[in-house]
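>>> The sequence and its predicted three-dimensional model are supplied below.
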Amino acid sequence: MTVPNEAATSIRTPHLLIALKDATLSGFVAFGLFFFLIGLRSEQGSTGALEISTRFQTLALLVAAVFAGTFLRTLAFGRGPIPIAGAVPASVTDFLASAGRFAAPALLIFALLVPVLFYQNRYLLDLGILVLTYVMLGWGLNIVVGLAGLLDLGYVAFYAVGAYSYALLATHFQLSFWICLPLAGILAAFWGILLGFPVLRLRGDYLAIVTLAFGEIIRLVLLNWQSLTGGPNGISSIPRPSFFGLPFTEAEGSFASTFGLEYSATHRVVFLFYLILALALLTNWVTIRLRRLPIGRAWEAMREDEIACRSLGINTTTTKLTAFAIGAMFAGFAGSFFATRQGFISPESFTFGESALVLAIVVLGGMGSQLGVAIAALVMLGGFELFREFQLYRMLVFGGAMVLIMVWRPRGLVSTREPSLRLDDGKAAAQDAK
Amino acid sequence: MSPPLLAVRGVKTFYGNIMALKGVDLDVCEGEIVTLIGANGAGKSTLMMTIFGNPRAGEGSVVFDGRDITQMPSHEIARLRIAQSPEGRRIFPRMTVLENLQMGATVADPSHFEDDLRRVCALFPLLDRRMQQRGGTLSGGEQQMLAIARALMSRPRLLLLDEPSLGLAPMLSQQIFRAIRELNTRDGLTVFLVEQNAFHALKLAHRGYVIVNGEITLSGSGRELLERPEVRAAYLEGGRREAAGGA
């Protein structure tokens, strides 16, 4: 009986030592890092000069936390990588797999019912509209990043083009939303092609940098072209959408009076909700259709191997440009929806942070997966709202959550790729012919 | 004599300042299997890629069926029904075998698709059983078969094969060489084969070329080249031993 006990202690002792050693090392690194970042703080004193104050207590707490964390981690998991993949998913993955089949229709039905279920809850309706906007943006970017494999960090530029197109067309020419929507889409697609030309030869990191710069250029132009865009003041009093010509007002001839309803401000919100839902579903439908067409297959093949594509007779130039153009077009649609919903736009809404968020949604969802993108958008934005009270820490929580998800599922939440062609299409016919 | 299907004339290809091909002349006639053998870095794959327009020849010309294709972009060359199974196979790993084959049929008439699918499945029965599997999950030999099958889906007039036996077990490479011969004798397919496995390639081919440092040093019928002592010494294993035994 004593033998295994002794064996256990003899194994544990070096573990303890290793853990202590690692923890001390981490503690030192943390101390070195945080000493200037947190331990010292410069503040404006009463005379206006900078004064240095110290926060050694916070510093000590942080270093202690790092020490304890490393100590426990090494004790529990050793020095190697933590076997998260083995520990968590077995049951969770099975559950996800079985739930996956019903997830898409269930989510769709839920989305359709949201305005009915939460009619009284204006806050939730607004959140729903926000989530759907990002679902649509995610699906649009998914064409460029997920299907065609072109890393685009400036996607928000096309969103901005769409929003400003609608705002300018509607305020200057009094065009209705339904005319402006396709125009905004076309303009955004045009800018997509314009961006596409110079970056045709670039791939990966280089492409990412140029698209990032492109996003910034558009934002800076919007910010500085005072006479057209109003600069940092933005464009206000953008016309609100009407129900196919019937405005959402109290007046005669409005939506409410025509249908004999009592006027309520919620009508417009519900209309906006269904509008963005329809636009998002359109994006989804087009993407699914395109995947089965030669151009969609060419996108996916190009993501896998560009040289092989060319040797099979695919024109990679036009393939890339169409991916940029179609992705940008949907961003343009989403942008004009954003403008009509807000009634006010300014360059502040189109910062790099937006691009990063949409990209995070696509990557987190699993590149190329429609369902994954929708779930990721819901989780990300829903999560943001849930943690709104902890404003200070929510980025911290999200950073942590993303790291965990990327460790656990490096290819995104939904990483299985649905083949665009099944055997029975060709095979059944082939057997018939025998 | 009718003009060759593919005529390479004085082709020089550069990588920056380095001349990888130093004026190569080569013919492939309709219905032939022509092989190009050479050591690593001799310029075999470069020649194959130059025929396909990537990189383009710095000097000289490549003429296919009477058309100068030297400056044509790769995807247009593919539309002339030149198919390639490139070095390193380059199949689409996340797409299924069936989708890979479908990509191969990009430039083909869609009404042929099922016919062609049946043809390549008959040629490589292994693939038939793997249709719904992702390309990346296939073994090396199966991937090579897929690369050739994908190239065949376009009903090529000229098939370019870059080292189809590379990294394969002898049994599998035998199988692939058999398939090439079958395609040639049965369908009259013209094949240009780049190989390091000189013995099998020369046995299979009607004619062969030997490339050394970017220049063609020898050419002749497959049988002739197999007999040449310099070929035996440089490229055929055991050749040296035999030569020594003879002396």
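Received, thanks.

>>> When you work out contacts or count neighbours from here on, use the C-alpha atoms and nothing else.
Noted.

>>> in the chain, which ranges drop under the pLDDT threshold?
Just so you know, I chose chain A. For chain A, the stretches flagged by pLDDT under 70 are A:1-14, A:81-94, A:96-97, A:99-100, A:423-434.

>>> wait, chain B
Counting by pLDDT under 70, chain B has low-confidence residues at B:1, B:237-247.

>>> just checking, what packs against the lengthiest helix in chain B?
Across chain B, the longest stretch assigned as helix under DSSP state H is helix B:170-187. Helix B:170-187 sits against helix B:140-152, strand B:190-195, helix B:198-204, with contacts defined as 3 or more CA pairs under 8 Å, 6 or more residues apart in numbering or on different chains; DSSP states H and E.

>>> what's the burial count for residue A:393?
12 (other CA atoms under 10 Å in any protein chain shown).

>>> Pull the contacting residues for the closest residue to residue B:82 other than its chain neighbours.
Of all residues not flanking residue B:82 in the chain, residue B:158 sits nearest, at 4.9 Å (CA to CA, 6 or more residues apart in numbering or on different chains). Each residue near residue B:158 by CA atoms under 8 Å, 6 or more residues apart in numbering or on different chains is listed here: B:81, B:82, B:83, B:189, B:190, B:191, B:192.

>>> With neighbour count as extra columns, can I get the residues you listed in a markdown table?
Compiled in a markdown table, those are given as follows (neighbours: other CA atoms under 10 Å in any protein chain shown):
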| residue | neighbour count |
| --- | --- |
| B:81 | 20 |
| B:82 | 27 |
| B:83 | 28 |
| B:189 | 22 |
| B:190 | 25 |
| B:191 | 28 |
| B:192 | 25 |
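
>>> Using JSON lines, please lay out these together with distance to residue A:355.
Output for the contacts of residue B:158, formatted as JSON lines (distance: CA to CA, whole Å):
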{"residue": "B:81", "distance to residue A:355": "42"}
{"residue": "B:82", "distance to residue A:355": "42"}
{"residue": "B:83", "distance to residue A:355": "40"}
{"residue": "B:189", "distance to residue A:355": "51"}
{"residue": "B:190", "distance to residue A:355": "51"}
{"residue": "B:191", "distance to residue A:355": "49"}
{"residue": "B:192", "distance to residue A:355": "48"}
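
>>> any idea which of those is closest to residue A:204?
residue B:83 (27.8 Å; CA to CA).

>>> mind checking which helix or strand that closest one is in?
Per DSSP states H and E, residue B:83 falls inside strand B:82-85.

>>> Give the next helix or strand downstream of that strand.
helix B:97-104.

>>> okay, the angle between that next one and helix B:140-152?
40 degrees (axes from the mean of the first three to the mean of the last three CA atoms, to 10 degrees).

>>> Quick one: list the elements packing against the helix or strand following helix B:97-104.
The C-terminal neighbour of helix B:97-104 among helices and strands, as given by DSSP H and E, is helix B:113-123. If contacts are counted by 3+ CA pairs under 8 Å, 6+ apart, helix B:113-123 sits against helix A:423-433.

>>> Taking chain B, what residue is nearest to chain A?
As assessed by CA to the nearest CA, chain A sits closest to residue B:75 within chain B, at 3.9 Å.

>>> Give me the nearest residue to that residue, chain neighbours excluded.
residue A:313 (3.9 Å).

>>> can you tell me which residues contact the one you found?
B:74, B:75, B:76, B:77, B:78, B:79, B:106, B:107.

>>> go with 6 Å
Residue A:313 is in contact with B:75, B:78, B:79, counting by CA atoms under 6 Å, 6 or more residues apart in numbering or on different chains.

>>> most neighbours, which of these?
residue B:78 (24 neighbours).

>>> how about it, what does it touch?
For residue B:78, the contacting residues are A:311, A:312, A:313, by CA under 6 Å, 6+ apart.

>>> Check which helix or strand it maps to.
helix B:74-79.

>>> Take that helix, keep the C-alpha atoms, and write them as CSV.
Provided in CSV are the C-alpha atoms of helix B:74-79 (Å, rounded to 0.1, in the frame of the first residue of the first chain):
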residue,chain,number,x,y,z
SER,B,74,-2.1,30.0,-68.7
HIS,B,75,-5.8,29.8,-68.6
GLU,B,76,-6.1,30.5,-72.4
ILE,B,77,-3.5,27.8,-73.1
ALA,B,78,-5.7,25.4,-71.1
ARG,B,79,-8.6,26.3,-73.3
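
>>> Would you agree residue B:8 falls within a strand?
Yes. With DSSP: H, G, I helix; E, B strand; the rest coil as the criterion, residue B:8 is part of a strand.

>>> Isn't it up against residue B:25?
Yes. Using CA atoms under 6 Å, residue B:8 makes contact with residue B:25 at a distance of 5.1 Å.

>>> Identify the spatial nearest neighbour of residue A:242, chain neighbours not counted.
residue A:248 (6.2 Å).

>>> Please apply the same query to residue A:264.
Spatial nearest neighbour of residue A:264, chain neighbours left out: residue A:256 (7.8 Å); criterion: CA to CA, 6+ apart.

>>> Following the chain past the helix or strand hosting the one you found, name the next helix or strand.
Using DSSP H and E, residue A:256 sits in helix A:255-258. Remark: after helix A:255-258, the chain's next helix or strand is helix A:266-292, criterion DSSP H and E.

>>> What parts of chain A come near chain B?
Contacts of chain A with chain B, taken as CA under 6 Å from any CA of the partner chain, map to A:304, A:308, A:310, A:311, A:312, A:313, A:314, A:315, A:426, A:430.

>>> Closest to chain B out of the contacts of residue B:78?
Nearest to chain B among these, counting by CA to the nearest CA, is residue A:313 at 3.9 Å.

>>> Quick check: that closest one is in a strand.
No. Residue A:313: not assigned to a strand; according to three-state DSSP it is coil.

>>> which stretches of chain A form strands?
A:40-44, A:50-54 (DSSP state E).

>>> Send me the helix holding residue A:256 as CSV with only the CA atoms.
The C-alpha coordinates for helix A:255-258 follow below in CSV (Å, rounded to 0.1, in the frame of the first residue of the first chain):
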residue,chain,number,x,y,z
PHE,A,255,-48.7,53.0,-43.3
ALA,A,256,-50.8,53.0,-40.1
SER,A,257,-53.8,54.9,-41.5
THR,A,258,-53.9,52.9,-44.8
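
>>> Can you give me the domain boundaries for chain B?
B:1-80+B:158-169+B:188-247, B:89-156 (automatic domain parsing).

>>> circling back to that earlier point, out of the contacts of residue B:158, give me the two with the largest separation.
B:81 and B:192 (13.6 Å).

>>> OK, contacts around the residue nearest the centre of chain B?
Central residue of chain B (CA atoms, centre = their mean): residue B:161, 1.8 Å from the mean position. By CA under 6 Å, 6+ apart, the contact set of residue B:161 is B:84, B:85, B:193.
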